[in-house]
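Q: Predicted model, plus sequence, below.
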Amino acid sequence: MFTIAIGSDHAGFPLKEKIKEYLLSKGYRVLDFGTESTDSTDYPLFARDVCLAVQRGEAQRGILVCGTGIGMSITANKFKGIRAALCLNEYMARMSRKHNDANVLCLGDRILGDDLALAIVDAWLSTDFEGGRHERRVRLIREIEQSSKGLGD
Ligand code: RB5
């Protein structure tokens, strides 16, 4: 069953709950890694758990929500095999699937209204990777990831 891992910090909690309800109503299986309230917490913890679930194949995709979506996307892209896309509109959501084969969607609760956020989720989930020349580019990302060097390596 197509499974989506979701997570948020306190700022993203209200939207995360709406996305969860929406996904369940559409028949997706949802793994909710929290948070469970608007009490202040730290977004990297939830990005980590969602990305690990995607890496392990426990979920096919992940959706992460924080205030802006920026912290979630920075963290998620540290994980091998994760291509996280911060999307502000449906066009970005479609392109992140068609061209980048994004497997994690990052959203900002303080940026998006609920209707737009759900439309972005819908566009993202219903768009396939185009492959072709984009396959080569995603492979290059993978190669860079495998051999990535920091200063001193
Ligand atoms: C929390 O205040 C906020 O910094 C966080 O939700 C997120 O926007 C970080 O990128």
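A: Happy to help now that I have it.

Q: Around the ligand, pick out the residues from this protein.
A: Contact residues, the chain versus the ligand (C-beta under 6 Å from any ligand atom): D9, A11, Y43, C66, G67, T68, I70, G71. C-beta: built from backbone N, CA, C; applies to glycine.

Q: For PyMOL, write the selection for the buried entries among those residues.
A: PyMOL command restricting the residues of the chain next to the ligand to the buried ones, with burial defined by 16 or more other C-beta atoms under 10 Å:
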select buried, resi 9+11+43+66+67+68+71
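
Q: could you redo the residues of the chain next to the ligand as JSON lines and give each row pLDDT and distance to M95?
A: Putting the residues of the chain next to the ligand into JSON lines (pLDDT from 0 to 100; distance: C-beta to C-beta, whole Å) gives the following:
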{"residue": "D9", "pLDDT": "99", "distance to M95": "26"}
{"residue": "A11", "pLDDT": "98", "distance to M95": "25"}
{"residue": "Y43", "pLDDT": "98", "distance to M95": "24"}
{"residue": "C66", "pLDDT": "98", "distance to M95": "22"}
{"residue": "G67", "pLDDT": "98", "distance to M95": "23"}
{"residue": "T68", "pLDDT": "98", "distance to M95": "20"}
{"residue": "I70", "pLDDT": "99", "distance to M95": "19"}
{"residue": "G71", "pLDDT": "98", "distance to M95": "22"}
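
Q: mind listing which of the residues of the chain next to the ligand are in helices?
A: Y43, I70, G71 (DSSP state H).

Q: Can you name the residues that contact the first one?
A: Right, the one you point to is Y43. Applying C-beta atoms under 8 Å, 6 or more residues apart in numbering to Y43 gives the contacts S8, D9, G12, L64, C66, G71, M72, T75.

Q: Equivalent analysis for the second one, please.
A: I70 makes contact with L86, C106, G108 under the criterion C-beta under 8 Å, 6+ apart.
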